[in-house]
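Next input, structure requested:
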Amino acid sequence: MEARTKGRLDGRLIGRLVGLGVTGSIAAYKAVELLRALRAEGADVSVMLTPSATRFVGPLTFAALSRHPVETDVLDLLPDGRIGHIVVADTADAIVVAPATAHWLGAMANGLSGDVVTATCLATSAPVVVAPAMDGDMWTHPATRSNVARLRDDFGYAIVPPADGPLASGQSGVGRLAEIEAIVEAVVAVLADRPIRAAATSARPPLVTPAHDADLEGRHIVVTAGGTREAIDPVRFIGNRSTGKMGVAIAEAALDRGARVTLVAANVEVALPDGATIIRVESTADLRAALLRFAHAGPIEAGFDALVMAAAVADFQPSETQDHKLERGAPMTLVLEPTPDVLKQIGRIVHGLDGEGGASRDPVKPRPYLVGFAAETGSLDRAAAKLQRKGVDLMVANDVAEAGSGFGTDTNRVELLDRDGGRAALPLLSKRAVAEHILDRVATALDVRDAAAQTSASPPHSLEPA
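Reported below is the predicted structural model:
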């Protein structure tokens, strides 16, 4: 059990926002460890401190580790003008108060909102987990017992009782803050059957520092976004419902992680990120031409470290395109033919394969990492076959007919399929959060690739075509 707390845990809180309330106990320093453990489970954490808590651990520590503004005053406003603790109350999936002092238990049991932690708990409909910590005699006092009973029985709060052991007073007894793992387990338990309250990043407390280290610094990441359009005539076209939100989110996340980003943008309905090199395209042919320029940067060298093909490429195009506007009138028969499979062609170039799948040239070195997207309806069963057919390393599959997971939404529910047969289903997340999961894979794979090249050894997993 102890080993689990020292590394990454099981990701049971991926997509969740947890509000962490810290009150003025000597055990407040343990809240830093709790914050780390919650984040290791995948949670986004926003911290609230009572005035006395700030005398034990400063807000800067929590801000640096949580990446969110720390709430210390009920009158504090976020940079966008929203009331900070109300945003936490409205968007957190759970509130955990640890450590909770005897004073805070009494104030909360009687609804006295004199601090930001109490005010947030009063304003939220999310489940609340309370982990008390105090001197042993304070814990056994009838007043404390009564307050705890009211929070548990009348308010429905989950109480994680204190542990037995040495106390700050020098005595020994029941009053120590419960083990961090026990508190995390309580948070996981109260959220077991609950949907995510607010998946959209824009609804949650804002970030104050980048979400990740610059683990893509020095990398060139090419991202495609939006839907291609295939002309019928100078006015009309065949297209799809893509808005480009997913691709733009990936480009923004890659920039924040230090990458040099080229964004190949088809029909996009959102603002394009500053800092990226933008290449505008219209049709699948335009997209193909742009990507082939990168794929042929040298005889056996690609012009990118990773390609994330988030664009929704039109699968069909008119067999003939008219050079004049077609007049309205009699019914028209439109003959369609498949568009080129751009990602499959890039995959063959990277692997040194010809159109029949046979070796025709040396594979590209260093091998770029390829990410494809599979927009499906009803079932994701075809995604694994697409991964193999297109020669990519990672396939991001989603059901675009599912609420909150289709075109134009701010959220997405995806499965990540890799070349080794791994399959990870993510919950409904903001598209920025999905982007971070994808880029985690990209950054790790590129590090493995480069380490293998330096030692002239093969990577621990196959990156060659199946």
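
Now find how far off-centre the longest helix along the chain is within its chain.
Longest helix of the chain, by residue count under DSSP state H: helix 431-455. Centroid separation between helix 431-455 and its chain, computed with CA atoms, centre = their mean, to the nearest Å, is 15 Å.

With stretch 337-356 instead?
Relative to its parent chain, stretch 337-356 has a centroid offset of 30 Å by CA atoms, centre = their mean.

And for stretch 218-233?
The answer for stretch 218-233 is 22 Å, by CA atoms, centre = their mean.

end-to-end on it?
Using CA to CA, to the nearest Å, one end of stretch 218-233 lies 43 Å from the other.

Equivalent analysis for stretch 313-328, please.
End-to-end distance (CA to CA), stretch 313-328: 28 Å.

The closest residue to Val117 other than its chain neighbours - how many residues pack around it?
Nearest non-adjacent residue to Val117, counting by CB to CB, 6 or more residues apart in numbering: Gly21, 3.6 Å away. The way it works is simple: take the backbone N, C-alpha and C, and place the C-beta from them, glycine included. For Gly21, the count of nearby residues is 31 (other CB atoms under 10 Å).

Could you list the buried residues of the longest helix of the chain?
Neighbour counts over helix 431-455 (16 or more other CB atoms under 10 Å) mark 431-439, 441-443, 445-446, 449, 452 as buried.

Quick check: the farthest pair among those?
Spanning the widest gap among those are Lys431 and Ala452, at 31.7 Å by CB to CB.

low-confidence ranges in the stretch 301-450 of the chain?
Within the stretch 301-450 of the chain, the ranges that satisfy pLDDT under 70 run 301, 355-357.

Can you show me the helices along it?
In the stretch 301-450 of the chain, the helices defined using DSSP state H, counting those that start in this stretch lie at 342-351, 383-390, 431-455.

if we compare these, which one ends up closest to Arg152?
helix 431-455 (33.1 Å).

on that earlier part again, who does the longest helix of the chain touch, helix- and strand-wise?
Packing partners of helix 431-455 (3 or more CB pairs under 8 Å, 6 or more residues apart in numbering; DSSP states H and E): helix 245-256, strand 306-309, strand 369-376, strand 394-399, strand 411-412, strand 414-418.

Report the angle between that helix and helix 245-256.
With axes from the mean of the first three to the mean of the last three CA atoms, to 10 degrees defining the directions, helix 431-455 sits at 50 degrees from helix 245-256.

what's the angle from helix 431-455 to strand 369-376?
Helix 431-455 runs at 150 degrees relative to strand 369-376, counting by the same axes, to 10 degrees.

and the angle from helix 431-455 to strand 414-418?
Between helix 431-455 and strand 414-418, the angle comes out at 10 degrees (the same axes, to 10 degrees).

Please, where are all the strands along the stretch 101-250 of the chain?
128-132, 158-159, 163-166, 172-176, 220-225, 230-231, 237-238 (DSSP state E, counting those that start in this stretch).

so which of those gets nearest Gln317?
Nearest to Gln317, of those and by CB to CB, is strand 230-231 at 3.7 Å.

now the strands of the stretch 101-250 of the chain as JSON lines including distance to His141, mean neighbour count and mean pLDDT?
As requested, the strands of the stretch 101-250 of the chain are arranged in JSON lines below (distance: least, CB to CB, whole Å; neighbours: other CB atoms under 10 Å; pLDDT from 0 to 100):
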{"stretch": "strand 128-132", "distance to His141": "12", "mean neighbour count": "26", "mean pLDDT": "98"}
{"stretch": "strand 158-159", "distance to His141": "16", "mean neighbour count": "18", "mean pLDDT": "98"}
{"stretch": "strand 163-166", "distance to His141": "17", "mean neighbour count": "12", "mean pLDDT": "87"}
{"stretch": "strand 172-176", "distance to His141": "11", "mean neighbour count": "19", "mean pLDDT": "85"}
{"stretch": "strand 220-225", "distance to His141": "59", "mean neighbour count": "28", "mean pLDDT": "96"}
{"stretch": "strand 230-231", "distance to His141": "75", "mean neighbour count": "18", "mean pLDDT": "90"}
{"stretch": "strand 237-238", "distance to His141": "74", "mean neighbour count": "18", "mean pLDDT": "86"}
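
okay, those in CSV with distance to Val308 next?
Converted to CSV, the strands of the stretch 101-250 of the chain look like this (distance: least, CB to CB, whole Å):
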stretch, distance to Val308
strand 128-132, 38
strand 158-159, 40
strand 163-166, 47
strand 172-176, 48
strand 220-225, 5
strand 230-231, 23
strand 237-238, 24
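
Looking at those, which is nearest to Asp354?
Nearest to Asp354 among the strands of the stretch 101-250 of the chain is strand 220-225 (23.2 Å), distances taken as CB to CB.

List the contacts of the closest one.
244, 246-248, 250-251, 254, 259-266, 268, 276, 287, 291, 294, 303-311, 442 (CB atoms under 8 Å, 6 or more residues apart in numbering).

Mind doing that once more with 7 Å?
Here strand 220-225 makes contact (CB atoms under 7 Å, 6 or more residues apart in numbering) with 244, 247-248, 250-251, 254, 259-266, 268, 287, 294, 304-311.

what are the pairing partners of that strand, and which direction each?
Strand pairing for strand 220-225, determined by DSSP bridges: strand 260-265 (parallel), strand 306-309 (parallel).

so is Phe294 in a helix, a strand, or just coil?
What DSSP: H, G, I helix; E, B strand; the rest coil gives for Phe294 is helix.

Quick check: closest non-adjacent residue to it.
What sits nearest to Phe294 in space, not counting adjacent residues and going by CB to CB, 6+ apart, is Gly303, at 3.9 Å.

and the gap between that neighbour and Ala295?
The gap separating Gly303 from Ala295 is 7 Å, by CB to CB, to the nearest Å.

The two: which has the busier surroundings?
Ala295 (21 against 17).

and that one, what is it in contact with?
Residues near Ala295 by CB under 7 Å, 6+ apart: 302, 346, 349.

looking at it, the second one is touching Leu307, isn't it?
Yes. Under the criterion of CB atoms under 7 Å, Ile346 lies in contact with Leu307, with a separation of 6.5 Å.

who touches the nearest residue to Tyr369 once chain neighbours are set aside in this structure?
Nearest in space to Tyr369, with sequence neighbours left out and distances taken as CB to CB, 6+ apart, is Ala306 at 4.2 Å. If you count contacts by CB under 7 Å, 6+ apart, Ala306 has them with 219, 221, 368-369, 371, 442, 446.
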